[in-house]
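Engineer: Provide a 3D model corresponding to the input given below.
(chains A, B and C)
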Amino acid sequence: MAKFEKLINKLTSLRSGKMYNNDFFLTWEKTDDEIQAVWTVADALRNLRERNISTKVFDSGLGISLFRDNSTRTRFSFASACNLLGLEVQDLDEKKSQVAHGETVRETANMISFMADVIGIRDDMYIGKGNAYMHEVADSVEAGYRDGILEQRPTLVNLQCDIDHPTQCMADALHVIHEFGGIEKLKGKKLAMTWAYSPSYGKPLSVPQGVIGLFTRLGLDVTLAYPEGYEVMPDVVEVAKKQAFAAGSNFKITNDMKDAFKDADIVYPKSWAPFAAMEKRTVLYGNGDDAGIKALEKELLAQNATHKDWACTEDMMKLTKNGRALYLHCLPADITGVSCEEGEVDGSVFDRYRTPLYKQASYKPYVIAAMIMLEKFPNPAEILVKLNERGTKRIFD
Amino acid sequence: MAKFEKLINKLTSLRSGKMYNNDFFLTWEKTDDEIQAVWTVADALRNLRERNISTKVFDSGLGISLFRDNSTRTRFSFASACNLLGLEVQDLDEKKSQVAHGETVRETANMISFMADVIGIRDDMYIGKGNAYMHEVADSVEAGYRDGILEQRPTLVNLQCDIDHPTQCMADALHVIHEFGGIEKLKGKKLAMTWAYSPSYGKPLSVPQGVIGLFTRLGLDVTLAYPEGYEVMPDVVEVAKKQAFAAGSNFKITNDMKDAFKDADIVYPKSWAPFAAMEKRTVLYGNGDDAGIKALEKELLAQNATHKDWACTEDMMKLTKNGRALYLHCLPADITGVSCEEGEVDGSVFDRYRTPLYKQASYKPYVIAAMIMLEKFPNPAEILVKLNERGTKRIFD
Amino acid sequence: MAKFEKLINKLTSLRSGKMYNNDFFLTWEKTDDEIQAVWTVADALRNLRERNISTKVFDSGLGISLFRDNSTRTRFSFASACNLLGLEVQDLDEKKSQVAHGETVRETANMISFMADVIGIRDDMYIGKGNAYMHEVADSVEAGYRDGILEQRPTLVNLQCDIDHPTQCMADALHVIHEFGGIEKLKGKKLAMTWAYSPSYGKPLSVPQGVIGLFTRLGLDVTLAYPEGYEVMPDVVEVAKKQAFAAGSNFKITNDMKDAFKDADIVYPKSWAPFAAMEKRTVLYGNGDDAGIKALEKELLAQNATHKDWACTEDMMKLTKNGRALYLHCLPADITGVSCEEGEVDGSVFDRYRTPLYKQASYKPYVIAAMIMLEKFPNPAEILVKLNERGTKRIFD
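Structural biologist: Have a look, this model is predicted:
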């Protein structure tokens, strides 16, 4: 209870009112207060649930999900978050729908939203497309609400786009905050966001981009490391630089994995595809150039294979602060000797960090629920207090 | 509130008791009072929701959906309606089920219904099949209830069959009623239900049939227009004729689109397949005659292509009452220059009517919820009053 | 109400506390008290629902389902059970997930369980695999709970494995108990679990195994009959023998269907695949030996075809006690002249037993709900009494 009150006091001190009736696209579009409000509401919701107090704020209402790529954890995280708040998930399965048959985005967005309070979208496949699509959906329902078609304004949660993966990175950061004992403890800590070898190719850029776009503002010294040719979006690099400058911290890019791991407090080794190659692929897909796609795939796999030394091995881990940096991964990881012959991380390293890794993931449902709550309620602190007072049990007793 | 009381008074004056524990197949099987009760309950549910009052009448229970054709809006409308009343949707996906493996309709219907309060079915593909299938399901669960297998009698909502599309047409009509300021204002208004060219073929007949089967009884003068060869089911034409006669209004059929549009207050231009061709196709499918199906498809597309002048152009719209008839469509429309080269409607016409078109669609979840409520409660007016008094907030505050 | 009180008294007298925070894999791993507690809670839940009293014990929470084989009735039964208790079903569709992409069972199990109270799994295809997989999942979430990753311990319900089909057989038994007027009436009754011919092959062994593994302990004389070569798992035969001995009843195996049917009070004629063949198939699948699988299929179908006389015909039924044994089937059945030319049962026999067969199936949702309740609440009798006192209406009135 003391913990809950502290969270409410914290939340009351934060200015998050602009999130109301608004969407969550990219973390760097949000103020520091707004970012902190998400974590604070997430912790408060978790605290209520741990005390078996229902956080159901919707008696009815839909949470629409649209996954344009396979997903386990984000799918279940969104479903969990909606359920936690009382929304029923309705999945827009594009194969079962008539979306392909001449419907515009504007039309579909309105047609599915008559009872929708929230829309969650994952669209991370094509550079320049995912985030733009989400904006198109959000603009469509905003217009529908303004024109009196929709009785409520469904707000959007970005469940991963081509630019950012905010629910992942916000969960990552909340995990780090708890592991280090508070956001104020992060000042000066060193985080290494590094590329790592994977036998598959074309993994999204949204995680490394989201990580450098979020952690730089928290006062950590962030190093982005990758082999030459694996650049991320220049715009996001600019964001990271500016934020680090504003926070009085450092952001640097290196082509040396060891340099990044050296004395790191936190390491996040993960494969991704070169930005330029993904841009190229997007064009090839647009042209339906199957031969071109296959050629590109082959080329990228060959390029990857020249960097098998980019792996989070036991030796690499020894370089980190006291040899015990906090290892992060968005999962699933390519684990050497487990899920592949050679991959991102040694089996023994992964195994040692299994519990914190799973805990890292456990924050995602709460982060999503917090985003929804801040989008749907102008006074989240008041609502949380009322939920605590209402005291409805989550499990009857 | 005044509006809500008016709706309750209206509802109390209507005799809708026979809908209780019964199904909704075709609008013309229902009395005028029953039809009006659906609209009144729909408006009352919407009024409650707009005032943030929960309309949850089921604490648990399932709404089963079975879609034998792709669907976005009807799927979401049914899910929204169920959610609004507290039912959880469980989709009977025939691919994931064992339906194919020797189960009879009677068996499956009972097996999925132990906790089902409502079953919604869309089965519009084959002439003579969809409505018959729905009756088979309804008879099966009626028997199951009578024999003590089912604790409750799951009632059925026709989400589109080969004969009628009652949830669509009832939503269309409720939209028209609101646009014209009341059902009593519709007397003598002219509605044109016309065929329109589409580059695809084989669109269901249920909408034109549903429209002439419903609007004729509301006192409007209804004109059904199509190129020679695009006849609809003769039985439904008979229904329309009889109803128009009873209502003192006119129903006529013409092969001249302009004649239908002339001075029309409402236009509903939409493609459909010729009834005779659909009958033929049903036989071909039954025989597994792929070559025959392909030949028929080719023939129908060629036939369609000779009627590209059947389009809702700006020029056609000018013929209507003051050039400003209310344009209706069940969506998605084939929009010239947008979703196809040449289609049912000009882009500029569609665009001008976008807001009312989306509003038209917004009534469907409420119409479905109203049908369910009238099927499940012997005293809907009383229940609505109690919900208003209970005053549970849909969104906690 | 008197009935409800009787059930509560019964439940109070049973020691079922060890089921709390535990899983349900095989009926013979449970004590007699625990088995009876399931039936008693099932009856109590049904009694409450029949009196329109809500049995919602979860205000939020997820029930995860994972079906590795097609399913209608078990899928809907699990969904119904979850809905009855207030859990929302979230299906882990392995095709939509990243399970294949290098995730371990341990990882996936945790990733989907952050808000999961219950996990239901059907995995009956491969001998030696299904039950083992379920244990792996249960162990994973148990560890996750212990390590502080999961806030609650999701418990598991076996929705059919390679060894047992406990929700089916427990429903079968509850049906039998009600048909015969009480569990104490079953002593000395004769049950024939017999193989029957089906034109398909490879049907799971879990039903015959589950039936002999459950009914032998209830004091019935159980005969397992099959043509030579259609042996079931030896381990389960041992269980049946031991249980029969402990219960002072008889268990025997015969290769003569008539012998089994003679004077039987209950008959359960059903096709299954030979255990040895299923073991062989599991190896072939493991080796990806398509030719071998096809050859085995052909061989098994030929073997089946030599036993077409193993059918539940009218003549066979005449051999049973007064010619009126209770006919059981887990459905769907292969009905001669209905779903196949020659099958497990005569159309006329099946038809005569249709109502009791459907009733038999109707117990499954309640049996599953009872298992969940006993797994999630240390004091189910107290909870049921409180639900009765709370008196929330399932359907508002």
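Engineer: care to break chain A down by domain?
Structural biologist: Using automatic domain parsing, the domains assigned to chain A come out as A:2-164+A:364-390, A:166-361.
Engineer: Comparing the ones you listed, which comes out most buried?
Structural biologist: Comparing these by mean neighbour count (mean count of other CB atoms under 10 Å in any protein chain shown), domain A:2-164+A:364-390 ranks first with a mean of 21. Quick note: C-beta positions are derived from backbone N, CA and C, even for glycine.
Engineer: thinking again about what came up before, residue B:112: which of the domains of chain A is closest?
Structural biologist: domain A:2-164+A:364-390 (18.4 Å; CB to CB).
Engineer: that older thread, including distance to chain C and mean pLDDT, could the domains of chain A go into CSV?
Structural biologist: Output for the domains of chain A, formatted as CSV (distance: least, CB to the nearest CB, whole Å; pLDDT from 0 to 100):
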stretch, distance to chain C, mean pLDDT
domain A:2-164+A:364-390, 4, 94
domain A:166-361, 3, 96
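Engineer: can you give me the strands for the stretch 251-397 of chain A?
Structural biologist: Assigned by DSSP state E, counting those that start in this stretch, the stretch 251-397 of chain A shows strands spanning A:251-254, A:266-270, A:326-327, A:335-336, A:345-346.
Engineer: cool, the stretch 1-150 of chain A as well?
Structural biologist: Going by DSSP E, counting those that start in this stretch, the stretch 1-150 of chain A shows strands at A:62-67, A:88-91, A:116-123.
Engineer: Next, format these as TSV and append distance to residue B:85.
Structural biologist: Conversion of the strands of the stretch 1-150 of chain A to TSV gives the following (distance: least, CB to CB, whole Å):
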stretch	distance to residue B:85
strand A:62-67	13
strand A:88-91	12
strand A:116-123	17
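Engineer: now for the ones you listed, which one comes closest to chain B?
Structural biologist: Proximity to chain B (CB to the nearest CB) singles out strand A:88-91 among the strands of the stretch 1-150 of chain A, at 4.9 Å.
Engineer: Show residues contacting the lengthiest helix in chain A.
Structural biologist: In chain A, with assignment by DSSP state H, the single longest helix is helix A:32-50. Under the contact criterion CB atoms under 8 Å, 6 or more residues apart in numbering or on different chains, helix A:32-50 has outside partners A:3-4, A:7-8, A:10-11, A:14-16, A:18-19, A:27, A:30, A:54-55, A:84, A:170, A:173-174, A:177, A:183, A:214, A:217, A:363, A:366-367, A:369-371, A:373-374, A:380, A:384, A:387-388, A:394, C:151.
Engineer: The residues you listed: which ones sit near chain B?
Structural biologist: Contacts with chain B are made by residue A:387 out of the contacts of helix A:32-50, judged by CB under 8 Å from any CB of the partner chain.
Engineer: Show the contacting residues for residue A:12.
Structural biologist: Residue A:12 touches residue A:381, counting by CB under 8 Å, 6+ apart.
Engineer: if we go to 10 Å?
Structural biologist: By CB atoms under 10 Å, 6 or more residues apart in numbering or on different chains, residue A:12 lies in contact with A:40, A:379, A:380, A:381, A:382, A:385.
Engineer: Report the contact partners of the closest residue in space to the fourth one that isn't next to it in sequence.
Structural biologist: What that stands for is residue A:381. Using CB to CB, 6 or more residues apart in numbering or on different chains and skipping the chain neighbours, the partner closest in space to residue A:381 is residue A:11 (4.4 Å). By CB under 10 Å, 6+ apart, the contact list for residue A:11 reads A:33, A:36-37, A:39-41, A:43-44, A:374, A:380-382, A:384-385.
Engineer: same question, residue A:25
Structural biologist: A:131, A:134, A:135, A:138, A:156, A:157, A:158, A:161, A:163, A:164, A:166.
Engineer: do that again at 7 Å, thanks
Structural biologist: The contact partners of residue A:25, by CB atoms under 7 Å, 6 or more residues apart in numbering or on different chains, come to A:131, A:134, A:158.
Engineer: out of those residues, which are inside helices?
Structural biologist: Judged by DSSP H, the subset of the contacts of residue A:25 located in helices is A:131, A:134.
Engineer: Please tabulate the contacts of residue A:25 in JSON lines, including the columns distance to chain B.
Structural biologist: Below are these laid out as JSON lines (distance: CB to the nearest CB, whole Å):
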{"residue": "A:131", "distance to chain B": "23"}
{"residue": "A:134", "distance to chain B": "18"}
{"residue": "A:158", "distance to chain B": "21"}
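Engineer: Centroid-nearest residue for chain A?
Structural biologist: Nearest to the geometric centre of chain A sits residue A:168, at 2.5 Å (CA atoms, centre = their mean).
Engineer: Grab the nearest non-local neighbour of that one.
Structural biologist: Spatial nearest neighbour of residue A:168, excluding adjacent residues (CB to CB, 6+ apart): residue A:330 at 5.2 Å.
Engineer: in what helix or strand does residue A:207 lie?
Structural biologist: Using DSSP states H and E, residue A:207 maps to helix A:206-215.
Engineer: From the rest of the structure, what touches the helix or strand just after that helix?
Structural biologist: Using DSSP H and E, the helix or strand that follows helix A:206-215 in sequence is strand A:221-225. The set of residues external to strand A:221-225 that reach it, using CB under 7 Å, 6+ apart, is A:188, A:190-195, A:208, A:212, A:215-216, A:240, A:244, A:249-254, A:256-257, A:259-260.
Engineer: Parallel or antiparallel, list what pairs with strand A:221-225.
Structural biologist: Strand A:221-225 pairs in its sheet with strand A:190-195 (parallel), strand A:251-254 (parallel), by DSSP bridges.
Engineer: Against residue A:155, how distant is whichever residue of the stretch 251-397 of chain A sits closest to chain B?
Structural biologist: Nearest residue of the stretch 251-397 of chain A to chain B: residue A:383, at 6.4 Å (CB to the nearest CB). Here residue A:383 is placed at a distance of 16 Å from residue A:155 (CB to CB, to the nearest Å).
Engineer: Next: residue A:372.
Structural biologist: 7 Å.
Engineer: Overlap in contacts, these two.
Structural biologist: residue A:118.
Engineer: hey, where'd the helices end up in the stretch 101-250 of chain A?
Structural biologist: A:105-111, A:130-146, A:166-180, A:206-215, A:234-247 (DSSP state H, counting those that start in this stretch).
Engineer: hey, where'd the helices end up in the stretch 251-397 of chain A?
Structural biologist: Going by DSSP H, counting those that start in this stretch, the stretch 251-397 of chain A shows helices at A:257-261, A:275-286, A:290-305, A:314-319, A:347-352, A:354-362, A:364-376, A:380-390.
Engineer: possible to save these as JSON lines with distance to residue A:66?
Structural biologist: Below are the helices of the stretch 251-397 of chain A laid out as JSON lines (distance: least, CB to CB, whole Å):
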{"stretch": "helix A:257-261", "distance to residue A:66": "35"}
{"stretch": "helix A:275-286", "distance to residue A:66": "19"}
{"stretch": "helix A:290-305", "distance to residue A:66": "24"}
{"stretch": "helix A:314-319", "distance to residue A:66": "38"}
{"stretch": "helix A:347-352", "distance to residue A:66": "32"}
{"stretch": "helix A:354-362", "distance to residue A:66": "22"}
{"stretch": "helix A:364-376", "distance to residue A:66": "14"}
{"stretch": "helix A:380-390", "distance to residue A:66": "25"}
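Engineer: what about the ones you listed, which gets the closest to residue A:234?
Structural biologist: Nearest of the helices of the stretch 251-397 of chain A (CB to CB): helix A:275-286, 8.0 Å.
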